[in-house]
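Q: what's the 3D shape of this:
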Amino acid sequence: MPRKKAQSTDKADSRIRLADIAKAAGVSRGVVGRVLNGGKGNSRVAEATAKRILEIARHMKYQPNVAAQQLKGMRTHMFGTLVASAGDPLRSFLVQHLDTEAVKSGYHTMIGNTIGSDTVGPNQFDYYVDELSRRAVDGVFCAIHNWFEGDRKALTERHPNTVFFEDPGVRGAHVVKANRYIAARLATRHLLERGRRRIALIVSDLKKPTCQDRLRGFRDEHEAYGKQAQDDLVFNAAEHGKAFAWHNPELLTWQFPEEVVDLAIDELVRDAGADALVCNDDFWAATVLRRLHARGVSVPAHVAVVGYLNHYLADWTDPPLTTIDTRQDLAAERMLKMMEHLVMQGPLPEEDRVVEITPRLVVRGSS
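A: Now for the predicted structure:
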């Protein structure tokens, strides 16, 4: 007797088709195609119907045939994510959350590290702008720090569906950013409520609008308490050299210019009598903790320390670091929502193109 043909286990045999979604939604295959593949062309489909189709597609785990869509010039359900380095501690959680949000909505992300290296050559920004065009991505998330090279305006011209994390300085750009003004107020308020009277602020560069926002928040919170922030309690690191964490590939260690941190401690704690330090980020704060300990200064008994970011290292410092959580999970969620609007309906009204994420205080042992 002839053997029965074994049932195929090939994933292609069980691929969810547009017709399957159409049957489940009670609409035609063409309507489903306009919603899932047509981008802005789906304007003839009622919003409630489009939403129902998208929910059914996600529930059925619909996976588009990317190669076929590229050939037809259709949507690829792929987003590019540009970062200076996916290993950057200030961006790594955001990259992770962006990918999670994209997958939840039926998309995938392709990461481009633009910082360059001895292997790939100098700055790779232009290369990835071109590469993402070749890949026909539906949109681009750009989370590159503003001080790194790259023509952001040219990026938006090549990829109109671009959402930035932090303001790129491009008129009309779609942006999600952390509210650093509120972050500074939260940190300052916490320290004032803890009885600190000589609170100092450390920023990376007062020429940056983000640092100016922090300074405003720092001053305004003092004023709200009937006090005046003192100029001798503001440390502008840019006046003393670059002060940020960087990876040394030869030593396989993350390093920080401790000499600038020591200058900050000299000026703020030793000379100006600061009893609390609001630091530029968690890496600044972790280094401050270590250098204060080396001088025999007790934290928080003599000086309280507050960071910014809520990186996981905050739980491993000694003492654990009080810090500001920038809520990068929420930022990623808002960026994905903004991107879906760009892809499906086009640009948002100008007044809705900037979304600010309100941070929150996480209290640990350093304050």
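Q: can you show me the strands along this protein?
A: All strands of the chain, identified by DSSP state E, fall at 78-83, 108-113, 139-142, 162-165, 174-178, 199-203, 234-236, 246-248, 253-255, 276-278, 304-306, 323-325, 354-357, 360-362.
Q: longest single helix anywhere in this structure?
A: Using DSSP state H, we find that the single longest helix of the chain is helix 328-345.
Q: show me what counts as buried in that helix.
A: Under the neighbour-count criterion of 16 or more other CB atoms under 10 Å, helix 328-345 has 328-336, 338-344 buried. From N, CA and C alone the C-beta is placed, and that goes for glycine too.
Q: out of these, which is nearest to R189?
A: R189 has its nearest neighbour among the buried residues of helix 328-345 in L330, at 21.1 Å by CB to CB.
Q: ok, that closest one - contacts?
A: The contact partners of L330, taken as CB atoms under 8 Å, 6 or more residues apart in numbering, are I357.
Q: got any ranges where this protein has weak pLDDT?
A: 1-14, 37-44, 64-74, 118-121 (pLDDT under 70).
Q: how is this structure carved up into domains?
A: Domain ranges of the chain: 11-63, 78-178+328-358, 180-325, per automatic domain parsing.
Q: these: which one's closest to S367?
A: Smallest distance to S367 across those (CB to CB): 4.0 Å, for domain 180-325.
Q: before we move on, back to that, of the strands of the chain, flag the one that's most buried.
A: strand 276-278 (a mean of 30; mean count of other CB atoms under 10 Å).
Q: circling back: of all the domains of the chain, which one is nearest G365?
A: Short answer: domain 180-325, nearest of the domains of the chain by CB to CB, at 3.4 Å.
Q: in the stretch 151-300 of the chain, which spans are helices?
A: For the stretch 151-300 of the chain, the helices defined by DSSP state H, counting those that start in this stretch cover 152-158, 180-193, 209-224, 258-265, 282-294.
Q: C-alpha coordinates for the second one, CSV please?
A: So the one you mean is helix 180-193. The C-alpha coordinates for helix 180-193 follow below in CSV (Å, rounded to 0.1, in the frame of the first residue of the first chain):
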residue,chain,number,x,y,z
ARG,A,180,14.3,67.4,32.3
TYR,A,181,12.8,70.5,33.8
ILE,A,182,10.4,68.4,35.9
ALA,A,183,13.3,65.9,36.6
ALA,A,184,15.4,68.7,38.1
ARG,A,185,12.4,69.9,40.2
LEU,A,186,11.7,66.4,41.5
ALA,A,187,15.3,65.8,42.6
THR,A,188,15.6,69.3,44.2
ARG,A,189,12.2,69.0,45.9
HIS,A,190,13.1,65.6,47.4
LEU,A,191,16.4,67.0,48.8
LEU,A,192,14.7,70.1,50.2
GLU,A,193,12.1,67.9,51.9
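Q: which elements pack onto that helix?
A: Helix 180-193 is packed against strand 199-203, helix 209-224, strand 276-278, strand 304-306, strand 323-325, strand 360-362, with contacts defined by 3 or more CB pairs under 8 Å, 6 or more residues apart in numbering; DSSP states H and E.
Q: show me what counts as buried in that helix.
A: 180-192.
Q: residues touching the residue positioned nearest the centre of the chain, list them.
A: Nearest residue to the geometric centre of the chain (CA atoms, centre = their mean): L94, 4.1 Å. Neighbour list for L94: 143, 165, 328, 331-332 [criterion: CB under 8 Å, 6+ apart].
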